[in-house]
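Asker: Below: sequence and its predicted model.
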Amino acid sequence: MIEYILYHSRCTHRDFSITDLDILRVAMAANSEHQVTGFLHREAGFYVQYYEGCKSKVDQLTQNLQGDNRHYNFTILSQGQTPERLFSNWSMGYSGSTATTLGLEDSDDAAFGCCADGVTRFLQTVAMRQV
(Lines give C-alpha, C1' and ligand atoms only; values in the text may rest on other atoms or scores of the structure.)
Protein backbone atom coordinates (compact mmCIF):
# COMPACT_ATOMS: atom_id res chain seq x y z
CA MET A 1 0.00 0.00 0.00
CA ILE A 2 1.04 3.59 -0.69
CA GLU A 3 0.85 6.15 2.12
CA TYR A 4 -0.56 9.58 1.20
CA ILE A 5 -1.21 12.98 2.76
CA LEU A 6 -3.30 15.89 1.52
CA TYR A 7 -2.77 19.19 3.34
CA HIS A 8 -3.26 22.90 2.97
CA SER A 9 -1.24 25.77 4.40
CA ARG A 10 -0.87 29.54 4.12
CA CYS A 11 1.95 30.97 1.99
CA THR A 12 4.37 33.45 3.55
CA HIS A 13 5.36 35.06 0.23
CA ARG A 14 3.61 36.68 -2.73
CA ASP A 15 2.31 34.92 -5.83
CA PHE A 16 4.83 34.38 -8.62
CA SER A 17 7.72 34.51 -6.16
CA ILE A 18 11.06 32.86 -6.86
CA THR A 19 10.38 30.93 -3.65
CA ASP A 20 7.88 28.69 -5.45
CA LEU A 21 10.50 27.83 -8.06
CA ASP A 22 12.96 26.97 -5.30
CA ILE A 23 10.37 24.76 -3.58
CA LEU A 24 9.77 22.90 -6.84
CA ARG A 25 13.46 22.53 -7.66
CA VAL A 26 14.26 21.01 -4.27
CA ALA A 27 11.08 18.90 -4.12
CA MET A 28 11.56 17.39 -7.57
CA ALA A 29 15.09 16.25 -6.77
CA ALA A 30 14.36 14.98 -3.24
CA ASN A 31 11.07 13.32 -4.18
CA SER A 32 12.66 11.54 -7.10
CA GLU A 33 15.43 10.26 -4.85
CA HIS A 34 12.96 9.07 -2.19
CA GLN A 35 10.30 7.77 -4.60
CA VAL A 36 7.70 10.28 -3.42
CA THR A 37 5.24 11.62 -5.97
CA GLY A 38 2.65 14.36 -5.73
CA PHE A 39 1.17 17.64 -6.82
CA LEU A 40 1.27 21.18 -5.36
CA HIS A 41 -1.31 23.86 -6.13
CA ARG A 42 -1.00 27.49 -5.06
CA GLU A 43 -3.97 29.83 -4.98
CA ALA A 44 -5.14 32.91 -3.06
CA GLY A 45 -2.34 32.68 -0.52
CA PHE A 46 -2.80 28.94 0.10
CA TYR A 47 -0.84 25.85 -0.80
CA VAL A 48 -2.73 22.60 -1.32
CA GLN A 49 -0.55 19.54 -1.75
CA TYR A 50 -1.02 15.80 -2.12
CA TYR A 51 2.02 13.55 -1.81
CA GLU A 52 2.45 9.79 -1.68
CA GLY A 53 5.12 7.16 -1.13
CA CYS A 54 6.32 4.65 1.43
CA LYS A 55 5.25 5.48 4.99
CA SER A 56 8.70 6.36 6.33
CA LYS A 57 9.36 8.83 3.48
CA VAL A 58 5.90 10.40 3.72
CA ASP A 59 6.29 10.76 7.50
CA GLN A 60 9.72 12.39 7.07
CA LEU A 61 8.42 14.76 4.39
CA THR A 62 5.50 15.72 6.63
CA GLN A 63 7.90 16.53 9.45
CA ASN A 64 10.05 18.60 7.08
CA LEU A 65 7.05 20.50 5.73
CA GLN A 66 5.72 21.26 9.20
CA GLY A 67 9.01 22.98 10.01
CA ASP A 68 9.30 24.91 6.73
CA ASN A 69 9.02 28.67 7.26
CA ARG A 70 7.80 29.35 3.71
CA HIS A 71 4.29 28.50 4.88
CA TYR A 72 2.27 28.25 8.10
CA ASN A 73 -0.97 26.73 9.42
CA PHE A 74 -0.03 23.32 7.99
CA THR A 75 -3.30 21.39 8.23
CA ILE A 76 -3.76 17.79 7.14
CA LEU A 77 -7.04 17.35 5.28
CA SER A 78 -6.73 13.65 4.58
CA GLN A 79 -4.21 10.88 5.09
CA GLY A 80 -4.17 7.16 4.72
CA GLN A 81 -3.24 4.38 2.35
CA THR A 82 -4.15 3.73 -1.24
CA PRO A 83 -3.45 0.67 -3.41
CA GLU A 84 -1.80 2.69 -6.17
CA ARG A 85 -0.30 6.11 -6.74
CA LEU A 86 -2.50 8.92 -8.00
CA PHE A 87 0.46 10.99 -9.26
CA SER A 88 2.90 8.35 -10.46
CA ASN A 89 4.19 10.56 -13.29
CA TRP A 90 5.02 13.54 -11.05
CA SER A 91 7.99 13.81 -8.69
CA MET A 92 6.26 17.13 -7.93
CA GLY A 93 3.68 18.65 -10.22
CA TYR A 94 2.65 22.28 -9.80
CA SER A 95 -0.14 24.62 -10.76
CA GLY A 96 -0.95 28.18 -9.85
CA SER A 97 -4.29 29.94 -9.79
CA THR A 98 -3.71 31.40 -13.25
CA ALA A 99 -4.28 27.95 -14.77
CA THR A 100 -7.25 26.47 -12.93
CA THR A 101 -8.81 27.55 -9.68
CA LEU A 102 -10.40 26.00 -6.62
CA GLY A 103 -12.22 29.30 -6.02
CA LEU A 104 -10.36 30.16 -2.83
CA GLU A 105 -10.53 33.95 -2.97
CA ASP A 106 -11.80 35.28 0.35
CA SER A 107 -11.59 31.78 1.88
CA ASP A 108 -10.36 30.96 5.31
CA ASP A 109 -8.71 27.81 6.62
CA ALA A 110 -12.08 26.30 7.55
CA ALA A 111 -13.15 26.22 3.89
CA PHE A 112 -11.02 23.10 3.34
CA GLY A 113 -12.44 20.94 6.11
CA CYS A 114 -15.28 19.34 4.21
CA CYS A 115 -13.80 18.81 0.80
CA ALA A 116 -10.66 16.62 0.88
CA ASP A 117 -11.96 14.24 -1.82
CA GLY A 118 -12.90 17.15 -4.07
CA VAL A 119 -9.50 18.79 -3.62
CA THR A 120 -7.74 15.52 -4.50
CA ARG A 121 -9.87 15.15 -7.66
CA PHE A 122 -9.12 18.77 -8.56
CA LEU A 123 -5.36 18.13 -8.30
CA GLN A 124 -5.67 14.99 -10.44
CA THR A 125 -7.61 16.90 -13.10
CA VAL A 126 -5.04 19.69 -13.21
CA ALA A 127 -2.20 17.17 -13.44
CA MET A 128 -3.88 15.33 -16.32
CA ARG A 129 -4.26 18.59 -18.24
CA GLN A 130 -0.51 19.21 -17.93
CA VAL A 131 0.66 15.83 -19.24
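Answerer: Everything's here; your move.

Asker: Identify the spatial nearest neighbour of Gly53, chain neighbours not counted.
Answerer: Val36 (3.8 Å; Cβ to Cβ, 6 or more residues apart in numbering). Just so you know, the C-beta spots here come from the backbone N, C-alpha and C atoms, and that holds for glycine as well.

Asker: Help me confirm that the one you found comes into contact with Lys57.
Answerer: Yes: using Cβ atoms under 8 Å, Val36 is in contact with Lys57, at 5.3 Å.

Asker: Among those two, which residue is more densely surrounded?
Answerer: Val36 (24 against 18; other Cβ atoms under 10 Å).

Asker: got a list of contacts for the helix ranked longest in the chain?
Answerer: The residue-count maximum for a helix in the chain (DSSP state H) belongs to helix 18-34. For helix 18-34, the surrounding residues in contact (Cβ atoms under 8 Å, 6 or more residues apart in numbering) are 13, 36-38, 40, 42, 51, 53, 57, 60-61, 70, 91-92, 94, 96.

Asker: 7 Å instead, please
Answerer: Applying Cβ atoms under 7 Å, 6 or more residues apart in numbering, the external contacts of helix 18-34 come out as His13, Thr37, Gly38, Arg42, Gly53, Lys57, Arg70, Ser91, Met92, Tyr94.

Asker: and that helix, which residues are buried?
Answerer: Neighbour counts over helix 18-34 (16 or more other Cβ atoms under 10 Å) mark Asp20, Ile23, Ala27, Ala30, Asn31, His34 as buried.

Asker: try stretch 39-54
Answerer: Result for stretch 39-54 [16+ other Cβ under 10 Å]: buried residues 39-43, 45-53.
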